[in-house]
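Engineer: take this sequence and fold it.
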Amino acid sequence: MIHLFLIDADRCPQYETLRLWPVVQGLPKKASATTCCIPYNGEMVPIPVGTRMVADVVAIHRHQGVWGQDSSEWNPGRWLTSDGKIRRPSKGEFLAFSEGARACIGKKFAETEFKGIMCCLFENYKVKMHIGSNKEDVLLTQEEAREQALKSMNFLKYRLALSLARRIPLDWTQRS
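Structural biologist: Predicted structure coming up:
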């Protein structure tokens, strides 16, 4: 039996991954027809009409005031509220799919595709960090392999698509 909690909770790893490693690093914006003000160092700074800006998605997604002291760590649990529902960030806090009138029209498709791929993979395979030798032929423990993988995640290369700068070895074992 599938519980509603699980249906909501399955989006947590996807959202947390997109929060830490967004596909789009910056969102271009243009000040609208009326002059607006933004807070900066405790003051409201006027932005003239027509000013072009870029919202730094990576910085927004790692802001400790919004996401907590562990904002640079992968923690899918931060997306669940105490009653098991998905946390709904305030406007401007989570921009993986942008928001408003120009939000990504493929958001629902991407969420559905992610679920389908994860279901197919984990229905047939178990996955764990590869424990073995690193480049220096030093045998790694599970924790050392995990730490090495997390460090690799901080060296992403943005090309046409997001990709890892270093290979993270995983062992995929078919379920019986």
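Engineer: isn't there a strand covering Ala33?
Structural biologist: No. Assigned with DSSP: H, G, I helix; E, B strand; the rest coil, Ala33 falls outside any strand and is coil.
Engineer: what's the offset of the helix ranked longest in the chain from the middle of its chain?
Structural biologist: The longest helix of the chain (DSSP state H) is helix 107-124. For helix 107-124, the separation from the chain centroid amounts to 16 Å (computed by CA atoms, centre = their mean, to the nearest Å).
Engineer: who does it touch, helix- and strand-wise?
Structural biologist: The contact analysis (3 or more CB pairs under 8 Å, 6 or more residues apart in numbering; DSSP states H and E) places helix 107-124 against helix 12-20. The way it works is simple: take the backbone N, C-alpha and C, and place the C-beta from them, glycine included.
Engineer: pLDDT weak spots in this structure?
Structural biologist: Counting by pLDDT under 70, the chain contains low-confidence ranges at 1-9, 130-139, 153-166.
Engineer: and if we set it to 50?
Structural biologist: For the chain, residues meeting the criterion pLDDT under 50 lie at 1-6, 160.
Engineer: nice, that's everything, thank you.
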